[in-house]
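Here's a sequence, model it:
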Amino acid sequence: MAGLIVGPLLRWVSETDATVWVETDAPCTVEVHGHTARTFHVEGHHYAIVPIRALEPGRRYEYSVRLDGELRWPIADTGFPPSVIRTLDRAHTLRICYGSCRVSVPHVSPFSLDRLVDRHGRGLDALAAFARRLIDAPREVWPYVLLLLGDQVYADDVPEATLRFMESRRDTGQPPAESVADFQEYARLYRDSWNEPLTRWLLSTVSTSMIFDDHDVIDDWNISEAWVADMRATDWWDDRIVGAFMSYWIYQHLGNLSPADLDTDPLYARVRAEPDAGPVLRRFAFMADRESAGHRWTYRRDLGGTRLIVLDSRAARVLGDGRREMLDEAEWDWLEENLRGDMDHLVVASSLPILLAPGMHHAEAWNERVTAGAWGRAFAAIGERLRQGLDMEHWAAFGDSLERLLRLLAEVGSGRYGRPPASIVMVSGDVHHGYLARVAFRRSSGVRSAVYQSVTSPFRNPLGRDERLFQRFAASRFMEMVGRVFAAGAGAPPPIVRWHRLEGLAFDNQISTLEMRDRTAVLRSERAVEGDGPEGGALETLWERRLSPAPRSADAMPSDTEGVPAKEADPLPEGVDSRRSSESEPQPADTERSGGRNGA
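Numbering: from 1, shown residues only. Here you go, the predicted model:
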């Protein structure tokens, strides 16, 4: 009889449809809520994603998983509530929780200690603390979507069980050493990372959307053309990258697709038709590494009046032939098309921050120009070493792409693509610290949306002492001034927007929640602190801010790019007379801002 190895994972959920993903230990028919799918086979592993249709909006459906008719989920005597499918309801508040960067280590000392206390420490798990809180919370306040912004697994910092598996099949003293080497090791990594009981329950009952970042594959993945050449020159890279793309397609990407998308996906059809789809996926994965065109990982979810766009800022890069772009042309075309239309709020997710602290932004813009030869060949070589050594690979290090993205967002915020959303929120992870920044476009752009960059990282993998000091320095006013001078000296154009940090830097393990209803949006960021649960963690508010209607306080943004005070530059909330004060504007359930320490 077939058994359940990984899952179930509740993935796509809309008002009427859902999907549930599983891995089993044998071929079988998987049944979820009266809907069935046959497993497909990949090199000894068996998977299924079950489309569930004809649901009613705003309903909660408890579900079970049966394999060939035998009940395999829920597991008896776990103490967790039943797993549910909760369909969208436009009349209810939409909550999107998000974050990134989570290593899978035990919830005991020394791993539960802060990294400042013990080098093995990874702190208290913010995602586990969040899951523990949901157990006792009313279902009405649960998030509709848990957005995982990269580093869902760490291929270069694997769980102990994965390492033992790797040691049983090869010499880990040889490259790639104690990092994942191929598809079989990736499959074991996902199994060991997602099967901790509380995590498993959470993923079974909250819809998840995912996108990879570098550690899902390898540190600094696709940072530069030189880096790619170095990797491809090794004798182990092809197995590693093929295994990475195969496993990402199976474990993460399939669940980002709606049932309708699955019905029309040609690769999914071929995989299901093969007795062993390993060769099909291997060819696909190899080409996904060699060229980005035709292998789109970016996707869109419409969540009532909110549109979620998730960008691929890793595999879609163009590196070569004198070009350096974050997205290829097919990706840009897709993005422009999917930014059109009316929406109340736009959430743009990128694993990498679109806007860093200004000082670090200028440093990366300088580095891109210098590495391209602006200061000569000798400095170009130095620039490449700095780029790889300091991880200078964010949107600021792809200057043309950053400007192109911001101009597209200006089109949305000015109403040229449809009714301007009340808020445009860029959400990101990667950098292992959190902050919230307000963004101002030139008044001539006509942007009426309130625009923000929110960064939430890590769930569980904090920076060490020296790294925190470096990030504080990078965010300093001094670094901003010096970076601006160096960037200008290398010929980097100034950014077309200005931004001002409202909250952070926070170095705690953390998670954020966006709450949106009609044209109002509120952001809350929380950190993991000592608690009573078995995992030892609870959540404490770092900050809470109303994002829209846009606050009129001059503290929200000192000036726009033309130096206009924020009280004149900030867009007026719709329906609010310009003569009314900020105190008379409509408020969310709580206050414009509340919360505890911000970790700065």
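
pLDDT weak spots in this protein?
Screening the chain residue by residue with the criterion pLDDT under 70, one finds the ranges 294, 552-600.

same thing but at 50, please
Judged against pLDDT under 50, the low-scoring parts of the chain cover residues 554, 556-600.

Quick check: Leu409 is in a strand.
No: following the definition DSSP: H, G, I helix; E, B strand; the rest coil, Leu409 is helix and is not counted among the residues of a strand.

burial measure for it, as a count.
For Leu409, the neighbour count with other Cβ atoms under 10 Å is 23. C-beta: built from backbone N, CA, C; applies to glycine.

Quick check: it vs Ile496, distance?
10 Å (Cβ to Cβ, to the nearest Å).

Val439 now?
In this structure, Val439 lies at 11 Å from Ile496, with Cβ to Cβ as the measure.

What count of nearby residues applies to the closest residue to Asp68 other than its chain neighbours?
Taking Cβ to Cβ, 6 or more residues apart in numbering as the measure, Asp68 lies nearest to Cys28, with 4.6 Å between them; neighbours along the chain are not counted. Close neighbours of Cys28, defined as other Cβ under 10 Å, add up to 22.

do the same with Arg38
Taking other Cβ under 10 Å as the neighbour definition, Arg38 ends up with a count of 12.

Quick check: next helix or strand after the strand or helix carrying Leu523?
Here Leu523 sits within strand 520-530, counting by DSSP states H and E. Note on strand 520-530: by DSSP H and E, the next helix or strand toward the C-terminus is strand 537-548.

who does that following strand pair up with?
When sheet partners are counted by DSSP bridges, strand 537-548 sits next to strand 520-530 (antiparallel), strand 593-594 (antiparallel).

Make sure Asp230 is indeed in a strand.
No: read with three-state DSSP, Asp230 is helix and lies in no strand.

That one and Ile218: what is the separation?
In this structure, Asp230 and Ile218 are 12 Å apart, going by Cβ to Cβ.

okay, the two: which has more neighbours?
Between Asp230 and Ile218, counting by other Cβ under 10 Å, Ile218 is the more crowded of the two (19 against 12).

List the residues that contact that one.
By Cβ atoms under 8 Å, 6 or more residues apart in numbering, Ile218 lies in contact with Ala155, Asp156, Ser179, Met231, Arg240, Ala244.

tell me the secondary structure for the first one?
With three-state DSSP as the basis, the three-state label of Ala155 is coil.

Against Glu291, how distant is it?
Taken as Cβ to Cβ, the spacing of Ala155 relative to Glu291 amounts to 22 Å.

Equivalent analysis for Ala244, please.
As defined by Cβ to Cβ, Ala244 lies at a distance of 16 Å from Glu291.

just Leu386 next, same as before
Taking Cβ to Cβ as the measure, Leu386 and Glu291 are separated by 28 Å.

Verify the stated contact: Arg59 with Val84.
No: here Arg59 lies out of contact with Val84, judged by Cβ atoms under 8 Å, at a distance of 9.6 Å.

which of Leu386 and Glu291 has more neighbours?
The residue with the greater number of neighbours, taking Leu386 and Glu291 and applying other Cβ under 10 Å, is Leu386; the counts read 18 against 10.

Does the more buried one fall in a helix, a strand, or a coil region?
Three states are possible here, and by three-state DSSP the one that applies to Leu386 is helix.

elements contacting the helix or strand encompassing Asp192?
In the assignment (DSSP H and E), Asp192 maps to helix 183-194. In this structure, helix 183-194 packs against strand 4-13, helix 160-167, helix 237-248, with contacts taken as 3 or more Cβ pairs under 8 Å, 6 or more residues apart in numbering; DSSP states H and E.

Against which helices or strands is the next helix-or-strand element following it packed?
Using DSSP H and E, the helix or strand that follows helix 183-194 in sequence is helix 197-205. Contact here means 3+ Cβ pairs under 8 Å, 6+ apart; on that basis helix 197-205 packs against strand 4-13, helix 126-136.

These into JSON lines, with extra columns for mean neighbour count and distance to Ala396?
Formatted as JSON lines, those follow (neighbours: other Cβ atoms under 10 Å; distance: least, Cβ to Cβ, whole Å):
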{"stretch": "strand 4-13", "mean neighbour count": "24", "distance to Ala396": "32"}
{"stretch": "helix 126-136", "mean neighbour count": "21", "distance to Ala396": "26"}
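
These: which one's closest to Gly320?
With Cβ to Cβ as the measure, strand 4-13 is the member of these nearest Gly320 (34.1 Å).

after that closest one, next one along is what?
Past strand 4-13, heading to the C-terminal end, the next element that is a helix or strand (DSSP H and E) is strand 18-24.

That following strand to helix 183-194, inter-axis angle?
Between strand 18-24 and helix 183-194, the angle formed by their directions is 120 degrees, by axes from the mean of the first three to the mean of the last three Cα atoms, to 10 degrees.

Point out the other helices and strands that strand 18-24 packs with.
strand 4-13, strand 29-32, strand 45-52, strand 65-67.

Can you add distance to Tyr251 and give those back as a markdown table?
Putting the helices and strands packed on strand 18-24 into a markdown table (distance: least, Cβ to Cβ, whole Å) gives the following:
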| stretch | distance to Tyr251 |
| --- | --- |
| strand 4-13 | 8 |
| strand 29-32 | 16 |
| strand 45-52 | 8 |
| strand 65-67 | 17 |
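
Select, out of these, the one closest to Val427.
Proximity of these to Val427 was assessed by Cβ to Cβ; the nearest stretch is strand 4-13, lying at 18.9 Å.

who does the closest one touch, helix- and strand-wise?
Here strand 4-13 is seen to pack against strand 18-24, strand 65-67, strand 70-73, strand 84-86, helix 183-194, helix 197-205, strand 207-210 when contacts are counted using 3+ Cβ pairs under 8 Å, 6+ apart.

tell me how far it is from the chain's mean position?
18 Å (Cα atoms, centre = their mean, to the nearest Å).

Please export the C-alpha coordinates of that strand as PDB.
Below are the C-alpha coordinates for strand 4-13, written out as PDB (Å, rounded to 0.1, in the frame of the first residue of the first chain):
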ATOM      1  CA  LEU A   4       2.600   9.600   2.100                       C
ATOM      2  CA  ILE A   5       6.200  10.900   2.100                       C
ATOM      3  CA  VAL A   6       5.800  14.700   1.800                       C
ATOM      4  CA  GLY A   7       2.700  16.800   2.100                       C
ATOM      5  CA  PRO A   8       0.000  17.400   1.600                       C
ATOM      6  CA  LEU A   9       0.700  20.900   0.600                       C
ATOM      7  CA  LEU A  10      -2.200  23.200  -0.100                       C
ATOM      8  CA  ARG A  11      -1.100  25.300  -3.000                       C
ATOM      9  CA  TRP A  12      -3.300  27.300  -5.400                       C
ATOM     10  CA  VAL A  13      -6.600  28.500  -3.900                       C
END
